[in-house]
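Engineer: sequence and computational prediction follow.
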There are 2 protein chains.
Amino acid sequence: MSDKKVLLDYGSGGRASQRLISSLFKAHFSNPILNRLDDAAFLDVTGPLAMSTDTFTVDPIFFPGGDIGSLAVHGTVNDVAMLGAKPLYLSCGFLIEEGLDFDVLERIVQSMGEAARNAGVSIVTGDTKVVPKGMADKIFINTTGVGTLLTEDHPAGDRATVGDVVLVSGTMGDHGLTILAQREGLPLETSIESDSAALNHLLGKLVTQVGDVHVLRDPTRGGLATTLNEITESSEVGIVLEEDLVPVRPGVQSGCDVLGLDPLYLANEGKFLCILPEEKAEKALEIMRADDKGRDACRVGRVVADHPGKVVLQTPLGGKRLLNMLEGEQLPRIC
Amino acid sequence: MSDKKVLLDYGSGGRASQRLISSLFKAHFSNPILNRLDDAAFLDVTGPLAMSTDTFTVDPIFFPGGDIGSLAVHGTVNDVAMLGAKPLYLSCGFLIEEGLDFDVLERIVQSMGEAARNAGVSIVTGDTKVVPKGMADKIFINTTGVGTLLTEDHPAGDRATVGDVVLVSGTMGDHGLTILAQREGLPLETSIESDSAALNHLLGKLVTQVGDVHVLRDPTRGGLATTLNEITESSEVGIVLEEDLVPVRPGVQSGCDVLGLDPLYLANEGKFLCILPEEKAEKALEIMRADDKGRDACRVGRVVADHPGKVVLQTPLGGKRLLNMLEGEQLPRIC
């Protein structure tokens, strides 16, 4: 553990920036495109492409199951993959508060490099800004990803069709509850951790082997309830969600009960929902369950013609209630 | 002027985020790709591509000649164009401090929309995070751009060749001095303002009409001196810069004299340097001078075999001194 700190001149564009790039970023992100170190990267891809961006502000920056670095890779990889694309390249913009421990930055960069290698993407270009102490909180990371489309009929939020079924790839709320518990210092079952993970390999299989996947989305900020609401609005259909079919870990449910939270509104960072024709559901579930990232995949609802633009929750006792989009902010800096 | 503030829930991913996207971003950035509002954007381009990212933290956020919004568009458009590419698409990640005046955000978004239209690029996907008050300073913006290469022999930092000449597109130091003067409350000649501008149209003409442009770079953070040093290191050549040929506005020079700054190290946001074979120089200067963004273009130096990796400044009286890369941070939050 060194006591080296991140200084303002690391972001100056001068000699100290050069040293940071060659000693840290080239070491952990090394690939032939990045190593050229021009202002822009040269990508030998052919379109059509998907592109997505996300800025990560999670607090705390290290948490059970991940850190801001791996999360920044997974989040953008997943957003690109949700369009039915194979993510290939990421850019990476660091915004660092002066005085951050250099070791902390190095742990984060190392974690990003590892996450990128596991996801099969290259970090090809980057930028580092250091702002004076107090002008930012430790570190924020933007990643932007591009990838090539795997199918012509790519999934989109407006393609949910009456008769389709709604699948989720696993338990809901793990990431959100983990972050909140860490921040509030709540004791948690040791088994509860963020689900932060790259989903692109599994999604690639789904899109190419099942085909005709209408919608893919990762229920991050706002959770499953908010994501389903967005889809009902874009697709002008209704969705019925069966409460007792939605998988929630007992430890997450009990944490939510204590804190008065609803797992349907908690962020997930390694889960997706998939809407597709009923006759495709079994095949999709088979592929999902054969993959480590979709072991607990199951069917949770269906797309209906009634109540277009609305999500209705069907409770185990046969009751029904409207499941609104998140109003207000349940958890700032969750991702 | 309303007294509306940016609230935490604008970044929640829920209903308030939706309203922000539809009332603000769709209004000012409107284009068919963005308007689909999926997690990722679908780009109908074919490669090879250039990709570049930059995070903007400039303080103050409004300054003579521009603002953080137009700067965020110009900066990334220029970085993509420096690789000999035609910038087409930008992503945009906002990081906003809770409590920012909504009017301020709207002015910035409007300015970005205008800058993007003028540069001929589309903002196709975005992300907004709001952090609690005190966790960031007003607003930071990341933009990431992609574009298609205009030539096969694209310019790169390692292509400077002995015998090449070094051209600059105009006066040095305008942006850096403007920001510093604003921040320190120094009185400035009213004619001095940031040179923030999109250079892609002019660069496109250079690359396609002159051809064989070896290096294109925008001397932003660290200024002309630092950028030339990077090039000598990448290309393993020396560069001789003739001090009295480097154009500097009298108002910028006198501001620098008062503050003890060197315009060769000050950031530029609407200028570029161009290194190419001597026989191409006249044609290049002609094209540059015919364009509003290159009116003051001139030759400032040459690439030599001596002192590889070093930049030597030749003074008007025949003296020579080593021009080092920027050490330390002259001006944090300059861009």
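Structural biologist: In hand now; what should we look at? Numbers count the residues shown, from 1 in each chain, chains lettered A, B, ... in the order given.

Engineer: I'd say A:V215 and A:L228 touch.
Structural biologist: No: contact criterion CB atoms under 8 Å: A:V215 and A:L228 do not qualify, at 9.8 Å. For glycine as for every other residue, the C-beta is placed from the backbone atoms N, C-alpha and C.

Engineer: helices or strands up against the biggest helix by length in chain A?
Structural biologist: Using DSSP state H to define each element, chain A has its longest helix at helix A:102-119. Applying 3 or more CB pairs under 8 Å, 6 or more residues apart in numbering or on different chains; DSSP states H and E, one finds that helix A:102-119 contacts helix A:26-29, strand A:66-67, helix A:68-81, strand A:85-97, strand A:122-131, strand A:139-149.

Engineer: need those in CSV (columns: mean pLDDT).
Structural biologist: Listed next are the helices and strands packed on helix A:102-119 as CSV, based on pLDDT from 0 to 100:
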stretch, mean pLDDT
helix A:26-29, 92
strand A:66-67, 98
helix A:68-81, 97
strand A:85-97, 97
strand A:122-131, 94
strand A:139-149, 96
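
Engineer: need the ones you listed in JSON lines (columns: mean neighbour count).
Structural biologist: Below are the helices and strands packed on helix A:102-119 laid out as JSON lines (neighbours: other CB atoms under 10 Å in any protein chain shown):
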{"stretch": "helix A:26-29", "mean neighbour count": "18"}
{"stretch": "strand A:66-67", "mean neighbour count": "24"}
{"stretch": "helix A:68-81", "mean neighbour count": "29"}
{"stretch": "strand A:85-97", "mean neighbour count": "26"}
{"stretch": "strand A:122-131", "mean neighbour count": "25"}
{"stretch": "strand A:139-149", "mean neighbour count": "28"}
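
Engineer: how about those, which one is nearest A:S234?
Structural biologist: Closest of the helices and strands packed on helix A:102-119 to A:S234 is helix A:68-81, at 15.9 Å (criterion: CB to CB).

Engineer: that closest one and chain B, are they touching?
Structural biologist: Yes: under the criterion of CB under 8 Å from any CB of the partner chain, helix A:68-81 makes contact with chain B via A:79-80.

Engineer: residue ranges with poor pLDDT in chain A?
Structural biologist: A:1-2, A:39, A:189, A:329-330 (pLDDT under 70).

Engineer: please enumerate the helices of it.
Structural biologist: Counting by DSSP H, the helices of chain A are A:15-20, A:26-29, A:68-81, A:102-119, A:174-184, A:200-205, A:223-235, A:250-259, A:281-289.

Engineer: pick the most deeply packed of the ones you listed.
Structural biologist: Among the helices of chain A, helix A:68-81 has the highest mean neighbour count (mean count of other CB atoms under 10 Å in any protein chain shown), at a mean of 29.

Engineer: which one is A:V45 nearest to, not counting chain neighbours?
Structural biologist: B:G47 (4.2 Å; CB to CB, 6 or more residues apart in numbering or on different chains).

Engineer: tally of neighbours for the one you found?
Structural biologist: 17 (other CB atoms under 10 Å in any protein chain shown).

Engineer: again with A:D244
Structural biologist: As a burial measure, A:D244 scores 9 neighbours (other CB under 10 Å).

Engineer: hmm, it is touching A:P316, no?
Structural biologist: Yes: A:D244 is within contact range of A:P316, at 4.3 Å (criterion: CB under 8 Å).

Engineer: now the residue lying farthest from the centre of chain A: closest residue in space that isn't a chain neighbour?
Structural biologist: Here chain A reaches farthest from its C-alpha mean at A:R15, the gap being 34.8 Å by CA atoms, centre = their mean. When the adjacent residues along the chain are set aside, A:R15 lies closest to B:M325, with 4.7 Å between them (CB to CB, 6+ apart).

Engineer: would you agree that neighbour is in contact with B:I231?
Structural biologist: No: look at B:M325 against B:I231 with CB under 8 Å: they stay out of range, at 10.9 Å.

Engineer: who's A:S122 bridged to?
Structural biologist: Going by DSSP bridges, A:S122 is paired in beta bridges with A:Y89.

Engineer: contact partners for it?
Structural biologist: By CB atoms under 8 Å, 6 or more residues apart in numbering or on different chains, A:S122 lies in contact with A:29, A:31, A:33-34, A:88-90, A:116.

Engineer: could you pull out the strands for the stretch 201-335 of chain A?
Structural biologist: Per DSSP state E, counting those that start in this stretch, the stretch 201-335 of chain A carries strands over the ranges A:215-217, A:238-242, A:273-277, A:298-304, A:311-314, A:320-322.

Engineer: ok, now which ones touch A:R159?
Structural biologist: For A:R159, the contacting residues are A:214-215, A:235, A:275, by CB under 8 Å, 6+ apart.

Engineer: about what we covered before: so what sits against both of A:V215 and A:L228?
Structural biologist: Residues touching both A:V215 and A:L228 comprise A:L273, with contact defined as CB under 8 Å, 6+ apart.

Engineer: which parts of stretch A:310-325 are buried?
Structural biologist: For stretch A:310-325, burial by neighbour count (16 or more other CB atoms under 10 Å in any protein chain shown) applies to A:310-314, A:323, A:325.

Engineer: for stretch A:32-51, same thing?
Structural biologist: A:33-34, A:36-43, A:45, A:47, A:49-51.

Engineer: pick the one among the residues you listed closest to A:E106.
Structural biologist: Using CB to CB, the buried residues of stretch A:32-51 come closest to A:E106 at A:L34, 17.1 Å.

Engineer: so the closest one sits against A:F42, correct?
Structural biologist: No: counting by CB under 8 Å, A:F42 is not a contact partner of A:L34; they are 10.6 Å apart.

Engineer: need the max-distance pair from the contacts of A:S122.
Structural biologist: Greatest spacing in these, by CB to CB: A:F29 and A:L88 (14.3 Å).

Engineer: which segments of chain A make up each domain?
Structural biologist: Listed domain ranges for chain A are A:5-149, A:164-323 (source: the TED database).
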